[in-house]
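*Asks:* Could you work out the structure for the sequence below:
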Amino acid sequence: MFTCTGVITPIDVYGSTIYSNTASGRGGYRGSGITLKSTIIAGNVSLSGSGNDCGPPFEWTSRGHNLIGDVFGCDFDRESTDLAGFATVPLDPLLGSLTDNGGPTFTHALLPGSPAVDTGSCVDLDISSVTTDQRGSVRPLDGDGDEAPDCDIGAVEFNPEVSLTILKQGEGAGTIRSTLPGIDCGEMCTIEYESGTSIELEGLADGASVLGQWLGCDSVAEGICSLDLNSDRTVIATFDVASTDLKIVKTASTVAIEAGSSFSYEIVVVNNGPNLASDVLVTDVLPRAVDFSAASAGCLYDDRIVQCAVGTLAVGESRTFEVFVSVPGVLTNVVHVSSTTPDINPGDNRADAKIGLLPIRVVPAIGTWSLLILGLAVGVLMAIYLRRRPTEATSK
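*Replies:* Predicted coordinates for the structure are as follows:
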């Protein structure tokens, strides 16, 4: 209630609530030179009966969006956006009792169904935008559920409860964690919050699952779903079974080799994505003709099988191993890679490398060469001798 003595100067009132006052004279306001906008004057009582919410001389200017419970005795030009009742049918603003609704002072909160909800103005008498109410809480909010937030009349913005429904879908498994308490979802859960609440949701995949996508969020960054609850909202978290594409390539240090010589195989495994691969294991079954010599760190050999444990392999990451062997004959060696993460392209999970065996070169001993030369010489001499004998016989 405003009480003025002496000279009354013009008063500008925006976004205020004058409610449930009792006076011996006028219950709400008496005087002139006042400009009202987006203000409630209602529920006041005049013990003298001269005007409950306003009375003469009550000359004031409306800038619209006001709610006057009983206009009896009020002298003003009513705007089209003003709401007003009469002595016989007063307009009830539906306000709660004066209590701590947050903020520095006690206030009267709007109750559900109040005609003041979403019928105020978000521009004050200085033509400045208003973003908070008397408590410092956000305004405007969508109080009437039409998905078009508008400021309420009075000092307090109506803060209805809105529901957040969280659904989980997909072949994978996971849980939803929130910055606010109350979220502990199975396949679906619904939680009530005050309108205007901001919330962040994090999807935590279980085991061999991965968070596929969020639907219904205002924004998603690094797997976090962010949204402002100005109305009932539904978000969907999809958990998929994690899959990726492992590829293995095997090359030999040579393409042909003499029997009994040594060479090495280079094995490269790479994760082509789109997800991390877990428990990656490279298995190389050596042919019977190969004699194992050594392998890279992290590899174990047992009964012609070389296994190299990679562990976790991130997207785009690769690992290289070498296996050293000696070979007495021609061989083809095949290597495999496996993971507990399902592979979307298993066709490139094996690779082979072929080694050709060069013919054995036999180098004759020195004695053998001598015998060959001697035999050749004897043959030539015999041929000459046999040619000359018939000629001598004819001449005699």
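
*Asks:* Who does residue 295 form a beta bridge with?
*Replies:* With DSSP bridges as the criterion, residue 295 is bridged to residue 323.

*Asks:* Distance check, it against residue 312.
*Replies:* The gap separating residue 295 from residue 312 is 21 Å, by Cβ to Cβ, to the nearest Å. Where C-beta positions appear, they are placed from N, C-alpha and C, glycine not excepted.

*Asks:* And those two? Which one has more around it.
*Replies:* residue 295 (21 against 13; other Cβ atoms under 10 Å).

*Asks:* Wait, that one touches residue 325, no?
*Replies:* No: in this structure, residue 295 is not within contact of residue 325 by Cβ atoms under 8 Å, at 9.3 Å.

*Asks:* which regions of the stretch 201-350 of the chain sit below the pLDDT cut-off?
*Replies:* Residue ranges of the stretch 201-350 of the chain with pLDDT under 70: 328-331.

*Asks:* which ones are touching the residue most central in space within the chain?
*Replies:* Centroid-nearest residue in the chain: residue 223, 1.8 Å away (criterion: Cα atoms, centre = their mean). Going by Cβ atoms under 8 Å, 6 or more residues apart in numbering, residue 223 touches 202, 203, 211.

*Asks:* now swap in residue 173 and tell me
*Replies:* 205, 206, 207, 209, 239.

*Asks:* Just the buried residues of those.
*Replies:* Buried by 16 or more other Cβ atoms under 10 Å: 205, 209, 239, out of the contacts of residue 173.

*Asks:* and of the residues you listed, the nearest to residue 17?
*Replies:* Relative to residue 17, the closest of the buried ones among the contacts of residue 173 is residue 239; by Cβ to Cβ it sits at 48.3 Å.

*Asks:* circling back to that earlier point, could you check how far the residue nearest to the centre of the chain is from residue 278?
*Replies:* 18 Å.

*Asks:* What of residue 194?
*Replies:* For residue 194, the distance to residue 278 - Cβ to Cβ - is 42 Å.

*Asks:* Compare the two (neighbour count), which wins?
*Replies:* Higher neighbour count among residue 194 and residue 278: residue 278, with 16 against 12, using other Cβ under 10 Å.

*Asks:* tell me which residues of the helix or strand harbouring the more buried one are tucked away?
*Replies:* Take DSSP states H and E as the rule and residue 278 turns out to sit in strand 277-285. Neighbour counts over strand 277-285 (16+ other Cβ under 10 Å) mark 277, 278, 280, 282, 284 as buried.

*Asks:* Which members of the residues you listed are the farthest-apart pair?
*Replies:* Of all pairs drawn from the buried residues of strand 277-285, the greatest distance, 20.6 Å, lies between 278 and 284 (Cβ to Cβ).

*Asks:* related to what we said a few turns ago, as a markdown table, the contacts of residue 223 with secondary structure and neighbour count would be great.
*Replies:* Shown next, in a markdown table, are the contacts of residue 223 (DSSP: H, G, I helix; E, B strand; the rest coil; neighbours: other Cβ atoms under 10 Å):
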| residue | secondary structure | neighbour count |
| --- | --- | --- |
| 202 | strand | 16 |
| 203 | strand | 23 |
| 211 | strand | 20 |
